[in-house]
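Colleague: Give me a model of this one.
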Amino acid sequence: MAFGASQALLGEARIPLTLPDGAADPGLILADSSAADAAAADFFDAMALHRHFGRENDPPAI
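Modeller: Next up is the predicted model:
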């Protein structure tokens, strides 16, 4: 989860904001600080899913 300007840190770390196919990454919750309550709800929903495999590589990361 990244709020506001902290999203720039993802860019500095070279973490793509989308999946390889260009779709939104469900593992990243990006929000403005004014939408913190909604972002927290989205975060908890994503955590309940346990894991998504859209970032899996071939070969898989070890």
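Colleague: what residues are up against Ala39?
Modeller: For Ala39, the contact set (Cβ atoms under 8 Å, 6 or more residues apart in numbering) comprises 1, 3, 29, 31. Just so you know, the C-beta spots here come from the backbone N, C-alpha and C atoms, and that holds for glycine as well.
Colleague: Now do the same for Pro16: helix, strand or coil?
Modeller: Following DSSP: H, G, I helix; E, B strand; the rest coil, we place Pro16 in the coil state.
Colleague: contacting residues for it?
Modeller: Asp25.
Colleague: How about Leu9?
Modeller: Counting by Cβ under 8 Å, 6+ apart, Leu9 has contacts Ala2.
Colleague: in the chain, which spans are strands?
Modeller: Secondary structure of the chain, counting by DSSP state E: strands at 2-3, 30-31.
Colleague: okay, those in a markdown table with distance to Met47 and mean pLDDT next?
Modeller: Shown next, in a markdown table, are the strands of the chain (distance: least, Cβ to Cβ, whole Å; pLDDT from 0 to 100):
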| stretch | distance to Met47 | mean pLDDT |
| --- | --- | --- |
| strand 2-3 | 15 | 85 |
| strand 30-31 | 15 | 86 |
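Colleague: most packed of those strands?
Modeller: Mean neighbours per residue, mean count of other Cβ atoms under 10 Å, is largest over the strands of the chain for strand 30-31, with a mean of 18.
Colleague: How far off centre is it?
Modeller: The offset between the C-alpha centroid of strand 30-31 and the centroid of the whole chain comes to 9 Å, using Cα atoms, centre = their mean, to the nearest Å.
Colleague: For Asp32, which non-adjacent residue is spatially closest?
Modeller: In space, and not counting its chain neighbours, Asp32 is closest to Gly4: 5.9 Å by Cβ to Cβ, 6 or more residues apart in numbering.
Colleague: Just put the strands of the chain in JSON lines and tack on distance to Gly11.
Modeller: Below are the strands of the chain laid out as JSON lines (distance: least, Cβ to Cβ, whole Å):
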{"stretch": "strand 2-3", "distance to Gly11": "10"}
{"stretch": "strand 30-31", "distance to Gly11": "11"}
